[in-house]
Every structure is written in C-alpha cells, then in structure tokens.
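**Student:** how does the following fold in three dimensions:
(one chain, ligands or ions: 1)
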Amino acid sequence: MTLSLRGVRVAHGGHEVLHGIDLTVARDELLVVLGPSGAGKSTLLRAVAGLTPVSDGRVSIADRDVTGLRPGRRNVAMVFQSYALFPHLSAAENIAFGLIVRDVPKAEAAERARRAATTVGCGHLLDRRPGQLSGGERQRVALARALVREPDVFLLDEPLSNLDAELRVEMRAELKALHARVGGAMLHVTHDQVEALVLGDRIAVLRDGRVEQIGTPDEIWSTPATTFVARFVGSPPMNLLPADGPLPGLGPAGTLIGIRPGAVGLGSEGGTAAHVERVEVVGEDAHVYLRLGEHTAIARVPSARRPAAGAETSVTVSAADVHVFDAATGKRA
Ligand SMILES: Nc1ncnc2c1ncn2[C@@H]1O[C@H](COP(=O)(O)OP(=O)(O)OP(=O)(O)O)[C@@H](O)[C@H]1O
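**Tutor:** Numbering: from 1, shown residues only. Next up is the predicted model:
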C-alpha cells in the first residue's frame, strides 16, 4: 500500500471532526473521497499532507510512518481547488518551483517542468503568468506542478470545482486518462457524485467524519451499504419507503425499501395508484414527483413519455430493482 490511514482522528479546537479513519490507497489507485460539505474531506487530505496534525492514529506513505513528519518530508503533492499558483511567476517557474526549492539544478528543473507540462497539455503556455491563463489552463499548470515532483501520493482537493460545467466534464476525462498514463496513488476529494463514479477506481463515502462505505463505483451504486450512501449517490436520489407502505410485498416488516427513480415504472396496468404532483423536464429525462397516499416518490422517465402534472397514474416496481435497508439502523438488510 502506498498510503494507509489507521484510526486517524483530527480535532479542530477541541471538536473532533474525523473520528477514526481507516483507508488504504494502492500504488496505482485513484481513490475518490466523496461526501457532503462539512463531512471532513479537506481535513482528511490536510492530515495526509501534514498540514493538520492528527490527534490519534497513524498515516503511512510508502510503508513509512509519516504521522509526525512535516509536510515537506512526506513526498506528497497537493492540488488545491484554488490552484494556489504564484501570480508573479510564469507557468514554467510555477511548475519548476518545487524542484528548485529542493536544490534540483535549474536546467534539469526546467526540462522536467517542460515534460510535465507536455504531459498535461499545457506545454504551449509555459511563458505565461497565471493571470494570463484561463481557469482550465491554470488547473493544468497546477497538475503539472504536482506531477513534476514525482510524489508517492497525489492529493487533489476538489480540483475541478472552479471550472464551468463543460470544462469540468472534459478535465474529468483527462484526469482519468492522465492517471492511467502516469499511475501513482491519488486521493481525490469531491462532493460531486458523478465525478466520483466516473473517476474513482474506488470510492470512500465520508459522512460526519466517518467512512460510511468503501467500494468500486459499481459496488457503491449497486449495493449501497446504508440509506445515506443510497441517497447521496444518484440523482434524483433513491426513493425510500417503509416496506408496509404504498408498495407492499417488496421487503420484510421493519425495513425500508429503496427504489432508484429510473426503476419506477409509470402507467402500467395493475400498478399502485399515484398522483402526479409536479414534473421537471431535464433535457432527455423528466423527473416526475408522485404522491402515493401519504408518501412521495420520484420517477425518472424519458421526457417524451412523461405524464402531465395533475394526472393520475400507476406505479410498478420490479422486485429485482429493490434495495432493502433496516429501518432502525439504515444499514443494508
Ligand atoms: N481550521 C478549522 N477550525 C475549526 N473547525 C474547522 C477547521 N477546518 C474545518 N473545520 C470544521 O471541520 C469540519 C470538516 O470540515 P472540512 O473542511 O474538512 O469539510 P469538507 O468535507 O471538506 O467540506 P467542504 O466540501 O465544504 O469543503 C467542518 O465542520 C468544519 O467546520
């Protein structure tokens, strides 16, 4: 394992925000830490980088206990959401900076910076200052600056969140391709579930300073361990209904049944009666907000086949599409 965290706890001003994190990242693995705002994602990255002290537990990098080491001794490179480039230095100087301060000869640093810049597609921007670069170009320079150091671990803190939607999708794919090319252990933090599903070899879902589930994107999607994971991953979120609610017979007593909006069938004969409260058209898809007695649910259907708001319809769900959770604990049953 290149990176391993064992029982890592972090407190801010006497208030514990990470409550014993266990995580490993293999040598060429891209692990995404996914969680809502305030879950402790940035704190986790900062603890690995050595920017925030841990109150308990151990951080190991390349089989070395680094828990007590300062950031410069850990051989990690961090890419920040804000890029954190020096405004008065050119892209080339920004990229080479980490080498120069480590006494790499100037000519070698410049050559390595040029190669890293070419790898991430900003080789033609080396003479420009950050103020003369677009957001996406700055992000490339920040990536090249991390890459050039050849660190044991890359730490990426929401690196795509300042980009517009189109560029974010493009950079997401490029980041994945880059990782496939250069390898290395990457810990990538995001609150964007699509980014996590697309990028991650594995995903660790963080909630209130605890890891709720770790698994491949497929595992997280198809077998969410808790109702929290089930609802956080997927948009619109998974419907949760009591097993003895409006769609009986799909789960044992005392459980909640989970049905993704895409698995809610509308308008078939013999289904459960439902009232269409509202319809949102999102391009090809429509989100249909349904009332089933005292409960509500969302269906995702092709826009062309959407019912009208105010209509009466019927709901059918195939048993194979149902997730079952313990109603008391929220854990997968
Ligand atoms: N320096 C600090 N001092 C006190 N509390 C802090 C400090 N930094 C973070 N916290 C608290 O720790 C918790 C976790 O914060 P953190 O920034 O790690 O969350 P996050 O998951 O990265 O959220 P976001 O997605 O909003 O950045 C929050 O409750 C936050 O208020």
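**Student:** got the contact list for the closest residue to Leu167 other than its chain neighbours?
**Tutor:** Nearest residue to Leu167, sequence neighbours excluded (Cβ to Cβ, 6 or more residues apart in numbering): Gly136, at 4.8 Å. (C-beta placed from N, C-alpha, C; glycine too.) For Gly136, the contact set (Cβ atoms under 8 Å, 6 or more residues apart in numbering) comprises Leu163, Leu167, Glu170, Met171.
**Student:** ok, of those, which come out buried?
**Tutor:** Leu163, Met171 (16 or more other Cβ atoms under 10 Å).
**Student:** quickly check the contacts of Gly136 for the two that are furthest apart.
**Tutor:** Largest separation among these by Cβ to Cβ: Leu163 and Glu170, giving 8.5 Å.
**Student:** wait, is Met171 part of a helix?
**Tutor:** Yes - judged by DSSP: H, G, I helix; E, B strand; the rest coil, Met171 forms part of a helix.
**Student:** list phi and psi for the residue nearest to it when sequence neighbours are not counted.
**Tutor:** The shortest distance from Met171 to any non-neighbouring residue, by Cβ to Cβ, 6+ apart, is to Leu160 (5.4 Å). Backbone dihedrals for Leu160, given as degrees, to the nearest 10, come out at phi -100, psi 0.
**Student:** how about Thr43?
**Tutor:** Thr43 adopts backbone torsions of phi -60, psi -40, taken as degrees, to the nearest 10.
**Student:** just the helices in the stretch 201-333 of the chain please.
**Tutor:** Listed in chain order, the helices of the stretch 201-333 of the chain (DSSP state H, counting those that start in this stretch) span 217-222, 227-232.
**Student:** what comes up buried for the last one?
**Tutor:** In terms of neighbour count (16+ other Cβ under 10 Å), helix 227-232 has its buried residues at Thr227, Phe228, Val229, Ala230, Arg231, Phe232.
**Student:** got the buried residues for stretch 318-326?
**Tutor:** Buried-residue list, stretch 318-326, by 16+ other Cβ under 10 Å: Val322, His323, Phe325.
**Student:** now swap in stretch 71-79 and tell me
**Tutor:** So stretch 71-79, judged by 16+ other Cβ under 10 Å, has buried residues Arg74, Asn75, Val76, Ala77, Met78, Val79.
**Student:** next: stretch 165-181.
**Tutor:** Arg168, Met171, Arg172, Glu174, Leu175, Leu178, His179.
**Student:** outside of it, which residues touch it?
**Tutor:** So stretch 165-181 is contacted by 30, 119-121, 135-136, 139, 143, 159-161, 163, 186, 188, 195, 198-199 (Cβ under 8 Å, 6+ apart).
**Student:** among those, name the buried ones.
**Tutor:** For the contacts of stretch 165-181, buried by 16+ other Cβ under 10 Å: 30, 119-120, 136, 139, 143, 159-160, 163, 186, 188, 195, 199.
**Student:** and those, which two are the farthest apart?
**Tutor:** Of all pairs in the buried ones among the contacts of stretch 165-181, the most separated under Cβ to Cβ is Thr119 and Glu195 at 21.3 Å.
**Student:** and this protein, which residues reach the ligand?
**Tutor:** His12, Gly13, Val17, Gly35, Ser37, Gly38, Ala39, Gly40, Lys41, Ser42, Thr43, His191 (Cβ under 6 Å from any ligand atom).
**Student:** adding neighbour count, write those residues out as JSON lines.
**Tutor:** What follows is those, written out as JSON lines (neighbours: other Cβ atoms under 10 Å):
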{"residue": "His12", "neighbour count": "12"}
{"residue": "Gly13", "neighbour count": "5"}
{"residue": "Val17", "neighbour count": "19"}
{"residue": "Gly35", "neighbour count": "25"}
{"residue": "Ser37", "neighbour count": "7"}
{"residue": "Gly38", "neighbour count": "13"}
{"residue": "Ala39", "neighbour count": "24"}
{"residue": "Gly40", "neighbour count": "25"}
{"residue": "Lys41", "neighbour count": "25"}
{"residue": "Ser42", "neighbour count": "19"}
{"residue": "Thr43", "neighbour count": "23"}
{"residue": "His191", "neighbour count": "18"}
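**Student:** dump those into a markdown table; add secondary structure and pLDDT as well.
**Tutor:** Below are the residues of the chain next to the ligand laid out as a markdown table (DSSP: H, G, I helix; E, B strand; the rest coil; pLDDT from 0 to 100):
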| residue | secondary structure | pLDDT |
| --- | --- | --- |
| His12 | strand | 92 |
| Gly13 | coil | 88 |
| Val17 | strand | 97 |
| Gly35 | coil | 96 |
| Ser37 | coil | 94 |
| Gly38 | coil | 94 |
| Ala39 | coil | 96 |
| Gly40 | coil | 96 |
| Lys41 | helix | 96 |
| Ser42 | helix | 94 |
| Thr43 | helix | 96 |
| His191 | coil | 94 |
